[in-house]
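Trainee: I'll drop the sequence and a predicted model, then ask my questions.
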Amino acid sequence: MDIITLDNVSYYYKTYDENNDVSYAVGVEGVSLSIEEGAFVALVGHNGSGKSTLAKLLNGLILPKSGTVTVAGLSTADKKNLFEIRKNVGMVFQNPDNQMVASIVEEDVAFGPENLGIPQPEIVERVSQALEQVGMTEYAKRSPHKLSGGQKQRIAIAGALAIRPKVIVFDESTAMLDPLGRREVLNVAKQLNKQGMTVVLITHFMEEVLDCGKVVVMSGGHVVKIGSPMEIFDDDRLLSSVGLDAPRSIALSRKLKSAGFNVTENCIDAKVLGGEVCQNLTNK
Amino acid sequence: MSKPNKQVVTPQLVTDSQTAIVAQNLCFTYNAKSPFSKQALNNITLNIKKGEFVAVVGHTGSGKTTFVQHLNALIRVQSGELRVLEHNLSQKKVDLKLLRKQVGMVFQYPEYQLFADSVLDDVCFGLKNFGLKDKAEREALAEEAIGLVGLDFKEVKNKSPFDLSGGEKRRVALAGVLAMKPQILVMDEPTAGLDPRGKREILSLVSSLNKEQGITVVMVSHDMNEVYENADRIIVFRDGQIAYDTTPRDLFRNEEDIVSMNLEIPHMAKFANELERNGYIIPDNCKTVEQTFEAVMRLKGGE
């Protein structure tokens, strides 16, 4: 079953020029997309390709100028639905420092369910479960400001989880982290997906999309391709035309393959690729 | 060897005209006389020559940012010796104005520091602050700097910096530093948060500033693939000390140790290492995908 459906959705940003004349810039245009319940979907594209605009459309932070966005059967266009929709779609943003609202980790995580008017005993339970899901239980009583970037993002994820959403959208949540922090956040995303959560991962690091079921490539506000990670990497021309790079190991394996080497196409592990190349060289 | 007397400048620290930065036994502790004291730098000794492109890497909290903030005296020397160009930063009296003109500092997400109404005003701000009174002269320097970062001066000069794309904003911020004509450029993660195209643009710009203008570059980065391909030399910080100070190719031959520091092995280094273990040599200067591919083709073609 589809948890999120976008039907021919367009969104434009109002801009003003020097004479205060209004013009419109494309955010996204004519986007149709469906996300199945339990899926792990990546949205990729260069800066300004429309992927963050799309993310904001998914839980009604912005509303389409035309077309419809439906979440769990409810249209975002109807104001009455927004509360329910935002309970279903949790968001984690880019900057870990901008998402902390309390001075104690567990209070920060409790902020969402408190706002929903959940009874106190249940909040306690939700908070402890959410912290456990992101592996931050031991930090419950700490101050979020002393944590690393990756840990802060995990608290932000716990905050989203405490609302018990069906979908979590990661809007470039790894962009400002160091490699360790990035791995922490990705691992949590993968784990949540294994437990049945629908995950939408927005990124321009192509290495992060390898484990996704489906990759949606955006450029200029349009969806230009949807496919498995390998199908996307197969399309060199598309990748370079939208300003994205295949991971270096994959790029090398593709070049070697087309030069006649007997190697795994789209090989992500450079060590494996190296071993294969050695065999080719020895047997020549 | 006995400890050098603190009052005496250690003789081996004498720098020549080829030296950009020299540090000896540099130590720094945050919140020194308090229960929260934390030693961030522990006996850093290094020497960077003019014209080098040095990458500084290390896990968060390893001391790399504390070190680079010493280079234009944002953090003052607590103990040890530090010379940057003609300045002795271990002494109390330092010509900060001149030093900060010579050592351009580009912070993380520098575009957050843009503030002026127009790109031109923003780029001129530093020049004005450093006392360049002649407006025409300021604008000429700004025009040159904006050209250097690959933006069209006429097109952008009157635009609000906030109307530019992320990559363009970062280049404007960089132009503000370059307008001062620094001899040393210190950059803290200049490509963080940019998409692949934006990253390539910034890196090729930094490379050309280094190669063509001879600017010494000290670049902090978390992206091992990009440091591997761009830097001449990599300094690895670990727990406030220098763990490695060597060429990119040699550094990543230490796979296990690098991984234990939570750093990644660049794809092309991993590939070259595996070939090396099997007796096939990828030359040390072949570091990009393209270069590695060509090296493999040469191996295939028969030595």
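Mentor: Okay, I see it.
Trainee: Count the residues that sit near B:A269.
Mentor: If you count neighbours by other CB atoms under 10 Å in any protein chain shown, B:A269 ends up with 25. Yep, even glycine has a C-beta here, placed from its N, CA and C like the rest.
Trainee: swap that for A:V44, please
Mentor: 27.
Trainee: quick one: buried residues of stretch A:99-107?
Mentor: Neighbour counts over stretch A:99-107 (16 or more other CB atoms under 10 Å in any protein chain shown) mark A:99-100, A:105-106 as buried.
Trainee: then that stretch to PDB, C-alphas only?
Mentor: The C-alpha trace of stretch A:99-107 is given here as PDB (Å, rounded to 0.1, in the frame of the first residue of the first chain):
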ATOM      1  CA  GLN A  99      16.600  21.300  16.300                       C
ATOM      2  CA  MET A 100      17.100  21.300  20.000                       C
ATOM      3  CA  VAL A 101      14.400  22.900  22.100                       C
ATOM      4  CA  ALA A 102      15.200  21.800  25.700                       C
ATOM      5  CA  SER A 103      18.200  21.700  27.900                       C
ATOM      6  CA  ILE A 104      17.900  18.000  28.900                       C
ATOM      7  CA  VAL A 105      17.900  15.300  26.200                       C
ATOM      8  CA  GLU A 106      14.800  13.500  27.500                       C
ATOM      9  CA  GLU A 107      12.800  16.800  27.700                       C
END
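Trainee: Check the offset of it from the chain's centre.
Mentor: From the chain centre to the centre of stretch A:99-107 is a distance of 23 Å (CA atoms, centre = their mean, to the nearest Å).
Trainee: re the thing from before, which one of the buried residues of stretch A:99-107 is nearest to A:D235?
Mentor: A:Q99 (34.8 Å; CB to CB).
Trainee: Tell me the spacing between that closest one and chain B.
Mentor: 16 Å (CB to the nearest CB, to the nearest Å).
Trainee: wait, what's in contact with that residue?
Mentor: Neighbouring residues of A:Q99 by CB atoms under 8 Å, 6 or more residues apart in numbering or on different chains: A:92-93, A:152, A:156, A:159.
Trainee: Dump these to a markdown table, plus secondary structure and distance to chain B.
Mentor: Output for the contacts of A:Q99, formatted as a markdown table (DSSP: H, G, I helix; E, B strand; the rest coil; distance: CB to the nearest CB, whole Å):
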| residue | secondary structure | distance to chain B |
| --- | --- | --- |
| A:V92 | strand | 16 |
| A:F93 | coil | 13 |
| A:K152 | helix | 12 |
| A:A156 | helix | 17 |
| A:G159 | helix | 22 |
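Trainee: which one of these sits closest to A:E114?
Mentor: For the contacts of A:Q99, the nearest to A:E114 is A:G159 (10.9 Å; CB to CB).
Trainee: Mind listing residues that contact stretch B:54-64?
Mentor: A:148-149, A:178, A:180-181, B:28, B:40-42, B:44, B:48, B:67-68, B:216-222, B:224, B:227, B:230-241, B:243, B:248, B:261-263.
Trainee: Which of the residues in it are classified as buried?
Mentor: B:54-60, B:62-64.
Trainee: Widest-spaced pair of these?
Mentor: B:V54 and B:T60 (19.5 Å).
Trainee: Relative to chain B, how far out is the nearest residue to A:G112 once chain neighbours are set aside?
Mentor: Nearest residue to A:G112, sequence neighbours excluded (CB to CB, 6 or more residues apart in numbering or on different chains): A:I163, at 4.4 Å. Relative to chain B, A:I163 is positioned 27 Å away (CB to the nearest CB).
Trainee: Nearest residue to residue 142 in space, please, no chain neighbours.
Mentor: Went with chain A since none was named. A:V105 (5.4 Å).
Trainee: I was after chain B.
Mentor: Per CB to CB, 6+ apart, closest to B:A142 is B:V123, 4.2 Å.
Trainee: Could you double-check that B:K38 lies in contact with B:A32?
Mentor: No - with contact defined as CB atoms under 8 Å, B:K38 does not count as touching B:A32 (9.3 Å).
Trainee: Need the pLDDT of the residue nearest to A:G112.
Mentor: Per-residue pLDDT puts A:I163 at 93.
Trainee: Count residues in the vicinity of residue 204, would you?
Mentor: As the question left the chain open, I've gone with chain A. For A:H204, using other CB under 10 Å, the count is 26.
Trainee: ah, no, chain B please
Mentor: B:S204, neighbours per other CB under 10 Å, totals 12.
Trainee: Look at it and report its pLDDT.
Mentor: We have a pLDDT of 92 for B:S204.
Trainee: same check, this time on B:P196
Mentor: B:P196 carries a pLDDT value of 87.
Trainee: Grab the nearest non-local neighbour of it.
Mentor: Of all residues not flanking B:P196 in the chain, A:D245 sits nearest, at 4.5 Å (CB to CB, 6+ apart).
Trainee: shouldn't the one you found be in contact with A:L252?
Mentor: No - contact between A:D245 and A:L252 fails when scored by CB under 8 Å: they sit 12.0 Å apart.
Trainee: quick one: the helices in the chain?
Mentor: This is for chain A. Assigned by DSSP state H, the helices in chain A fall at A:51-58, A:82-88, A:105-115, A:120-133, A:149-161, A:179-194, A:229-234, A:236-241, A:248-258, A:270-282.
Trainee: switch to chain B, that's the one I care about
Mentor: B:64-70, B:96-102, B:119-129, B:135-148, B:153-156, B:166-178, B:196-213, B:224-230, B:248-251, B:255-260, B:267-277, B:289-300.
Trainee: The residue nearest to A:G112: neighbouring residues, count only.
Mentor: Using other CB under 10 Å, A:I163 has 20 other residues around it.
Trainee: try A:N19
Mentor: 5.
Trainee: got the contact list for the residue in the stretch 101-250 of chain B positioned nearest to chain A?
Mentor: Using CB to the nearest CB, the single residue of the stretch 101-250 of chain B nearest to chain A is B:R197, 3.8 Å away. Counting by CB under 8 Å, 6+ apart, B:R197 makes contact with A:46, A:243, B:167.
Trainee: was I right about the second one contacting B:L194?
Mentor: No - applying CB under 8 Å, one finds A:G243 not in contact with B:L194, separated by 10.7 Å.
Trainee: Looking at those two, which is more packed in?
Mentor: B:L194 (21 against 18).
Trainee: show me what contacts the more buried one?
Mentor: A:47, B:166-167, B:170, B:202.
Trainee: Low-confidence stretches in the stretch 1-150 of chain B?
Mentor: Where the stretch 1-150 of chain B drops to pLDDT under 70, the residues are B:1-15.
Trainee: And the residue of it that's closest to chain A?
Mentor: Closest point on the stretch 1-150 of chain B to chain A, by CB to the nearest CB, is B:T60, at 5.0 Å.
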